[in-house]
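[1] Have a look; sequence and predicted model below, questions after that.
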Amino acid sequence: MEIADVRIKVKWLNDEQVRKTLGFSDYPVSLLATEAWLKKVAGDSKRKDFMLCLQENDEPIGFCGIKNIDLVNLKAESYLGIGNIDYWGKGIGLETKKVLLDYSFNFLNLNKVYSYHQADNEAMIKINLKLGAQREGLLREEIRLEGEMKDMVLMSVLRKDYFDKNTTNS
Ligand SMILES: CC(C)(COP(=O)(O)OP(=O)(O)OC[C@H]1O[C@@H](n2cnc3c(N)ncnc32)[C@H](O)[C@@H]1OP(=O)(O)O)[C@@H](O)C(=O)NCCC(=O)NCCS
């Protein structure tokens, strides 16, 4: 992710439909604060923040990444969001999470990738289960979203389960 990507990411983070399941309670998000955030995290080796772009024309449609990379315990947290809602329901979420897991297990050699999702985010829960994740627990009333307390689920994929479930070699 580069400074030039901040404007569109801010637009997505403030979009009512995208925010509904994003699990991100800070609202509204400003351009200035997001630029400052990117400048701060850009040199942080414990995270990798990417834009999600269409292969055919490089158009940005979302964002994703790995954060809290822990090379002692071999784990990290993944996140993703498709900001352009025209691209929801086309399998891109599943494909993106798979790329993040491939990167984490094959390139970073991690053992575990975990992620937090709103308990009502059925798509993300399905994506995780398809890729070999298990639900680790329910975080009750973890975030406040538009005045409503929301439960979150913590899910994780272990390296061995991922390679058992998917065809890529470890
Ligand atoms: C959640 C999100 C990443 C899903 O990506 P997507 O590309 O739309 O999902 P996919 O097309 O890969 O679908 C994955 C599965 O979820 C299902 N699904 C998709 N949208 C769904 C919905 N709204 N409700 C229930 N299931 C849904 C699909 O049918 C598919 O299951 P199937 O293969 O059994 O049919 C995307 O909708 C998004 O970015 N939403 C806003 C931000 C967000 O919630 N990010 C995740 C924060 S943790």
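    Thanks, I have the structure now.
[2] And for the residue of the chain found nearest the ligand, the neighbour number?
    Of all residues in the chain, the one sitting closest to the ligand is residue 93 (2.2 Å; C-beta to the nearest ligand atom). C-beta coordinates here come from the backbone N, C-alpha and C atoms, glycine included. The number of residues packed near residue 93 is 21, by other C-beta atoms under 10 Å.
[3] Residue 87 versus that one, what's the distance?
    Distance from residue 93 to residue 87, counting by C-beta to C-beta, to the nearest Å: 9 Å.
[4] if we can go back for a sec, pretty sure the residue of the chain closest to the ligand is touching residue 126, no?
    No: judged on C-beta atoms under 8 Å, residue 93 makes no contact with residue 126 at a distance of 9.0 Å.
[5] Average pLDDT for stretch 109-129, rounded please.
    Averaged across stretch 109-129, pLDDT comes to 98.
[6] how far does that stretch stretch from start to finish?
    21 Å (C-alpha to C-alpha, to the nearest Å).
[7] buried stuff in stretch 133-142?
    Of the residues in stretch 133-142, 133, 142 count as buried by neighbour count, 16 or more other C-beta atoms under 10 Å.
[8] quick check: mean pLDDT across that stretch?
    98.
[9] Kindly report the same for stretch 155-168.
    Stretch 155-168 shows a mean pLDDT of 89.
[10] mind listing what's buried in it?
    If you call a residue buried by 16+ other C-beta under 10 Å, then stretch 155-168 has these buried ones: 155-159, 162-163, 166.
[11] next one: it to chain centre, how far?
    Put simply, stretch 155-168 sits 17 Å off its chain's centre (C-alpha atoms, centre = their mean, to the nearest Å).
[12] is any part of that stretch close to the ligand?
    No: Stretch 155-168 does not reach the ligand (C-beta under 6 Å from any ligand atom); its nearest approach is 9.6 Å.
[13] neighbouring contacts of that stretch?
    Contact with stretch 155-168 is made by 98, 101-102, 105-106, 110-117, 125, 128, 131-136, 169-170, as judged by C-beta atoms under 8 Å, 6 or more residues apart in numbering.
[14] Mind doing that once more with 10 Å?
    Here stretch 155-168 makes contact (C-beta atoms under 10 Å, 6 or more residues apart in numbering) with 74-75, 77-78, 97-98, 100-102, 104-106, 109-117, 124-125, 127-137, 169-170.
[15] try stretch 4-16
    Stretch 4-16 is touched from outside by 1, 18-19, 22, 24, 26-39, 49-51, 53, 59-63, 81-85, 146, with contacts defined as C-beta under 10 Å, 6+ apart.
[16] Kindly give a single PyMOL line that selects the buried subset of those residues.
    Buried residues among the contacts of stretch 4-16 (16+ other C-beta under 10 Å), as a PyMOL selection:
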select buried, resi 1+18+19+22+29+34+38+49+50+51+60+61+62+63+81+82+83+84
